[in-house]
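In: sequence and predicted model, in that order:
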Amino acid sequence: MEPSKILAITRPHPRLLTQYVLQALLAGPLSPLLLLILYFRYKTMEYRFDEHGVSKRFGILIRREVNLTYARIQDIHIGSGPIQRWLGLADVQVQTASGNAGAELVIEGLLEFEQVRDFLYAKMRGVRDDKHVDEPVALLREIRDELRATREALG
Amino acid sequence: MFAAIRNRVMGMLRVPGEPHDPEGQGLLVFRAAEGYYRYRVAMFWLLRVVVLMVFVYVGFVAVLITTAVLAEPGGKKRGLFERVDPGALHTVLVVVAATLGTLYLAQSIFSWALMRLDYELRWYKVTDRSLRIREGVWFVREMTMSFANIQNISIVQGPIQKALNVADLVVQSAGGGSGEQGKNLHVGYFRGIAEAEKVRELILERLRRHRDTGLGDHDDKRVTMEDALREVRDEARALHAAMARRA
């Protein structure tokens, strides 16, 4: 999948609402309350993937927003229960090196969770670090070759 | 037949197959050893025995207490069982025992199947850059860590695991926090692998080869950069000399 397609993701898939409804029904007597909370959570959920990081925001009474820089990502988990797998969804849990034992950002409700994981993973520190060095070096080599060509043309 | 049921259940639960390979070269795949399955079964039976012992103890105490309470002061002591109709008591006991027994059997089969699947559905993939751990049947978890972030590797082995020749390899990344076991997302477990020491040495060796592990960043990158800059300078110098010759 093209990175541009991932950068274009802003909303979770409608199946997330189905997942929330099923989850709420499993809560027993608290179902109606949970359903309400989760409904608004789904309605207000927004993702933003850009060059440097990813953010997620949701909430109607209490607005919450999480911003993560790709370079600060520590490890990535994919977790899924039977309901989620049935709907073809999974949670992508992203962690930084903060003292938190849980995930700092959970990207939920995306059918392309595996591609999102690979996308984030490729941008993480220590996976493709060489690229940052290789690029200037390649540029310098090009300058050298140009200089050499000039010298040879002179000679 | 077992395979058919198994595939049916796994299809219903939509359990995914083998995970994709993580980024990097030199892929090595480790699986849980046979001993891990036997370890899980052993722990399962140990737990059952303990629970059974607790039940027997509680039942014994309950009978003692009711006998003492029901004993008529002054008169001859009458136990709980002498007060009820023996025929009715017999029926009740048989029904209760049959229900409990069936439940117990069903639960045993279910647990056994789950343990077996949990053992079969484990993948530990290691490349020269990262590792990926996949586990779980009901809840499926897949974790990916890059070597650049790994802080600590340790081995945990209890006495039963030692006897069965398996161990857990624990990989920790920075952060942590004191989550309860299994909930901490900064820790990865290679559960039940044979030759844990070898795997640890292998990962450590790959960690060392990795350029910036932990805090001390090496300067290898600067070297290639400086080489390239030097080449450009030499070329510019040669160009200068060529110009001078022409002039």
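Out: That came through fine. In this text the structure is predicted, and so the values were computed from the model without any measurement.
In: whichever helix in chain A runs longest packs against which elements?
Out: Secondary structure of chain A per DSSP state H: the longest helix is helix A:130-154. With contacts defined as 3 or more Cβ pairs under 8 Å, 6 or more residues apart in numbering or on different chains; DSSP states H and E, the secondary structure elements packing on helix A:130-154 are helix B:220-246. (Each C-beta comes from the backbone N, C-alpha and C, glycine too.)
In: quick one: the helix it packs on to helix A:130-154, angle?
Out: For helix B:220-246 and helix A:130-154, the angle between their directions (axes from the mean of the first three to the mean of the last three Cα atoms, to 10 degrees) works out to 10 degrees.
In: tell me what helix B:220-246 is packed against?
Out: Identification of packing neighbours for helix B:220-246 by 3+ Cβ pairs under 8 Å, 6+ apart yields helix A:130-154.
In: show me the strands in chain B, by range?
Out: Secondary structure of chain B (DSSP state E): strands at B:28-30, B:123-126, B:130-135, B:140-146, B:150-156, B:167-173, B:187-193.
In: again, but for chain A
Out: A:46-49, A:53-58, A:64-69, A:75-80, A:91-95, A:105-107.
In: could you list the low-confidence segments of the chain?
Out: Chain wasn't specified; assuming chain A. Low-confidence segments of chain A, defined by pLDDT under 70, span residues A:1, A:99, A:101, A:125-134.
In: right idea, wrong chain: chain B
Out: Across chain B, the stretches falling below the confidence threshold (pLDDT under 70) are B:1, B:70-84, B:175-183, B:210-223.
In: name the residue of it that lies nearest to chain A.
Out: residue B:148 (2.2 Å; Cβ to the nearest Cβ).
In: surely residue A:48 meets residue A:10?
Out: Yes: with contacts counted by Cβ atoms under 8 Å, residue A:48 reaches residue A:10, the gap being 6.6 Å.
In: and the strands of chain A: which comes nearest residue B:123?
Out: Of all the strands of chain A, it is strand A:75-80 that lies closest to residue B:123, at 13.0 Å by Cβ to Cβ.
In: domains for chain A, by residue range?
Out: If the domains of chain A are taken from automatic domain parsing, they occupy A:3-124, A:129-155, with pieces of a single domain joined by a plus sign.
In: straight-line length of the first one, end to end?
Out: Its first and final residues considered, domain A:3-124 spans 14 Å by Cα to Cα, to the nearest Å.
In: now check that domain, is it near chain B?
Out: Yes: counting by Cβ under 8 Å from any Cβ of the partner chain, chain B has neighbours in domain A:3-124: A:74-82, A:85-86, A:93, A:95-103, A:114, A:117-118, A:121-122, A:124.
In: now do that domain: distance to the chain's middle.
Out: Its chain's C-alpha centre lies 8 Å from the corresponding centre of domain A:3-124 when counted by Cα atoms, centre = their mean, to the nearest Å.
In: how far does the longest helix along chain B sit from its chain's centre?
Out: Secondary structure assigned by DSSP H gives helix B:34-70 as the longest helix of chain B. Once both centres are worked out by Cα atoms, centre = their mean, helix B:34-70 turns out to sit 26 Å from its chain's centre.
In: what does stretch B:114-131 give?
Out: Mean C-alpha position of stretch B:114-131 versus that of the full chain (Cα atoms, centre = their mean) differs by 9 Å.
In: distance across that stretch, terminal residue to terminal residue?
Out: One end of stretch B:114-131 to the other measures 25 Å (Cα to Cα).
In: next, the buried residues of it.
Out: By neighbour count with 16 or more other Cβ atoms under 10 Å in any protein chain shown, stretch B:114-131 contains the buried residues B:115-119, B:121-127, B:129-131.
In: ok, is that stretch in contact with chain A or not?
Out: Yes: contact of stretch B:114-131 with chain A (Cβ under 8 Å from any Cβ) involves B:129, B:130.
In: for residue A:67, give its distance to residue A:150.
Out: 48 Å (Cβ to Cβ, to the nearest Å).
In: I'd guessed residue B:115 sits against residue B:44; true?
Out: Yes: with contact defined as Cβ under 8 Å, residue B:115 reaches residue B:44; the gap is 6.6 Å.
In: leaving out the residues flanking it, which one is nearest to residue 154?
Out: Assuming you mean chain A. The spatially closest residue to residue A:154, leaving aside those adjacent along the chain, is residue B:242, at 5.1 Å (Cβ to Cβ, 6 or more residues apart in numbering or on different chains).
In: that answer is for a different chain, and I need it for chain B
Out: With Cβ to Cβ, 6+ apart as the measure, residue B:170 is the residue that lies nearest to residue B:154, at 4.8 Å, once sequence neighbours are left out.
In: surely the one you found meets residue B:191?
Out: No: counting by Cβ under 8 Å, residue B:191 is not a contact partner of residue B:170; they are 9.5 Å apart.
In: neighbour count winner among those two?
Out: When residue B:170 is set against residue B:191 and neighbours are counted by other Cβ atoms under 10 Å in any protein chain shown, the residue ahead is residue B:191, at 23 against 17.
In: next, the contact list for that one, please.
Out: Listed by Cβ atoms under 8 Å, 6 or more residues apart in numbering or on different chains, the contact set of residue B:191 reads B:32, B:36, B:122, B:135, B:168.
In: from residue B:27, how far out is residue B:127?
Out: Distance of residue B:127 to residue B:27, given as Cβ to Cβ: 5 Å.
In: anything in contact with each of these two?
Out: Counting by Cβ under 8 Å, 6+ apart, the residues touching both residue B:127 and residue B:27 are residue B:21.
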